[in-house]
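# Model the structure of this input:
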Amino acid sequence: MAQQDFYGTAHSLTQQKTVIRDLQVAAATHATISTSNTARVPTTTAPTTTGSQLVWHTEGMTLMKIIPFQTVSTGGNLYTGLAARMVGWNIVSEGNTRLYVPHLIADFTITPSAAATFSLATPSTAATSFTQTQTLAVNYGDAKVFNADPTSGLETPAFALVDTVGCALVSLIFRSATASGTNYANAFWSSL
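Take a look at the predicted model:
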């Protein structure tokens, strides 16, 4: 039996339809790049975008597209060993207490592109020159990675599809062993 969607279009139960959503910038303030991971533990304080951590709501969608990017550092150099950890946050409510419980979704090694750069300003920052991600590799957790072809000369940014496994919030935490100075990272994202 066919069902009608919001627009009145009939669909059978075997059809699957993806809702197209515009990409968004994960945070109006870019994340700094830390030299290590900080432990994420259950807390009564809601996680927020601060330091090397970007935080946003999942909009109740389970599948998310993530496109990380970083600044071109001083002298046009790119970080080596750049990585990002994606953490999901579930909320437990007991009486008057809300507890935010973290768990690992995925951890990525990021290889930036030396050639593909763009400029981006946000409400909180002036225009900054960024380089897109050429390849992603999953270190831990689970994600479906789509990498650019660096030999084609037609680089497009690499991205990952991740299952937010029922999280209310997600955070993306950037790190690099060579992090120094005022260099930043951020990400484009969309829920599917």
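
# and the closest residue in space to residue 40 that isn't next to it in sequence, how many neighbours?
In this structure, residue 40 finds its nearest non-sequential neighbour in residue 102, 4.0 Å apart by CB to CB, 6 or more residues apart in numbering. Just so you know, the C-beta spots here come from the backbone N, C-alpha and C atoms, and that holds for glycine as well. The tally of other residues near residue 102 (other CB atoms under 10 Å) stands at 19.

# ok, residue 102 touching residue 38?
No - taking contacts as CB atoms under 8 Å, residue 102 lies outside contact range of residue 38: 11.0 Å.

# re earlier: surely the residue nearest to residue 40 is in a helix?
No - counting by DSSP: H, G, I helix; E, B strand; the rest coil, residue 102 is located in no helix; its state is strand.

# Report pLDDT for it.
The per-residue pLDDT reported for residue 102 equals 95.

# which residues does it bridge with?
residue 89 (DSSP bridges).

# Let me see the contact set for it.
By CB atoms under 8 Å, 6 or more residues apart in numbering, the residues touching residue 102 are 40-42, 47, 87-89, 171.

# Closest one to residue 68 out of those residues, please.
Comparing the contacts of residue 102 against residue 68 with CB to CB places residue 171 closest, at 12.8 Å.

# Now do the closest one: how many residues are near it, please.
26.

# about what we covered before: the contacts of residue 102, buried ones only, as a ChimeraX selection?
Buried subset of those, written as a ChimeraX selection, criterion 16 or more other CB atoms under 10 Å:
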select :40,47,87,88,89,171
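
# Sitting in strands, which of the contacts of residue 102 do you find?
Those of those mapping onto strands are 87-89, 171, per DSSP state E.

# Including distance to residue 161 and pLDDT, could those go into CSV?
Converted to CSV, those look like this (distance: CB to CB, whole Å; pLDDT from 0 to 100):
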residue, distance to residue 161, pLDDT
87, 17, 95
88, 15, 94
89, 19, 95
171, 18, 93
